[in-house]
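Chemist: This is a predicted model, with the sequence first.
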Amino acid sequence: MPNPYKPLKTGLIYSLALLMLGCSSKTTVESDLGMSHAPDWVNEGTQYLNDKDGRLFHGVGQAPNLGDNSLQVSTADNRARAEVARILSSFMNIVSTDFTEASGSGKDALSQQAVSRQIKNFTKINLTGVKIIGHWKNKKDGSVFSIAELDMKNVKNTLASVKEMNQDLSRYILQHGNNIFDKVAQEK
């Protein structure tokens, strides 16, 4: 017996593919979840933030009602930290690419692989500086939101104490990190 939904499914897939092709230019994603009575950070979500408090990596995590408040808050906290790790890793990938391009080639240049390995290790070390700075519970469904923060100053302070990192790479991050952060924050 033929599947009566097959033409509908095929048409839907074809329409979605056309829509994705038509929207291949830069997209703007609305980050407001529209949750009334929620703090701004819940509606804005994970982001790079450059304001009077400094250059900040903000990660927002959420956990559904799990029946155990402690487990629920811990889950939301861990998800918020994971979001900070994700955007810090993206930021450091940009730094790594910029550094590799700036260092050029020759005897003083580090290989992309060596830079990536040092950046990855540095990112893991930096996550110890992530702080949970707030929680919010949605009274409608009982879900809990957590916001985690990592300050760019903390990233630089940690960098100063890392002995295993190439000095040129370290110097590059210290000198250009804020500019790269500002560029990335504007693009987001």
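Modeler: On my side now, so go ahead.
Chemist: hang on, V95 packs against G177?
Modeler: Yes. Shown here, V95 and G177 form a contact pair, counting by C-beta atoms under 8 Å, at 6.7 Å. In this view, the C-beta of every residue, glycine as well, is placed from N, C-alpha and C.
Chemist: Looking at those two, which is more packed in?
Modeler: V95 (21 against 18; other C-beta atoms under 10 Å).
Chemist: Just the residues contacting stretch 149-165, thanks.
Modeler: For stretch 149-165, contacts defined as C-beta atoms under 8 Å, 6 or more residues apart in numbering pick out 54-59, 84, 88, 118, 121-122, 125-131, 133, 170, 173-174, 177-178, 181.
Chemist: In that stretch, which residues are buried?
Modeler: The neighbour-count check on stretch 149-165 (16 or more other C-beta atoms under 10 Å) flags E149, L150, D151, M152, N154, V155, K156, T158, L159, M165 as buried.
Chemist: Rebuild these as CSV, extending it with pLDDT, secondary structure and distance to V42.
Modeler: As requested, the buried residues of stretch 149-165 are exported to CSV (pLDDT from 0 to 100; DSSP: H, G, I helix; E, B strand; the rest coil; distance: C-beta to C-beta, whole Å):
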residue, pLDDT, secondary structure, distance to V42
E149, 94, strand, 14
L150, 92, strand, 18
D151, 92, strand, 20
M152, 90, helix, 23
N154, 87, helix, 23
V155, 84, helix, 25
K156, 85, helix, 29
T158, 80, helix, 28
L159, 77, helix, 31
M165, 72, coil, 36
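Chemist: Reformat the residues you listed as TSV; add distance to H37.
Modeler: As requested, the buried residues of stretch 149-165 are exported to TSV (distance: C-beta to C-beta, whole Å):
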residue	distance to H37
E149	22
L150	27
D151	28
M152	31
N154	31
V155	33
K156	37
T158	37
L159	40
M165	45
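Chemist: Pick the one among the residues you listed closest to Q47.
Modeler: E149 (10.9 Å; C-beta to C-beta).
Chemist: gap between the nearest residue to the closest one once chain neighbours are set aside and K120?
Modeler: Distance criterion C-beta to C-beta, 6 or more residues apart in numbering; nearest residue to E149, sequence neighbours excluded, is I133 at 4.9 Å. Remark: distance between I133 and K120 (C-beta to C-beta, to the nearest Å) = 26 Å.
Chemist: can I assume the residue nearest to E149 sits in a strand?
Modeler: Yes. Checked against DSSP: H, G, I helix; E, B strand; the rest coil, I133 lies within a strand.
Chemist: Could you measure from it over to T46?
Modeler: 13 Å.
Chemist: leaving aside the residues next to it on the chain, what's closest to W136?
Modeler: Nearest to W136 is F145, by C-beta to C-beta, 6+ apart, at 4.7 Å.
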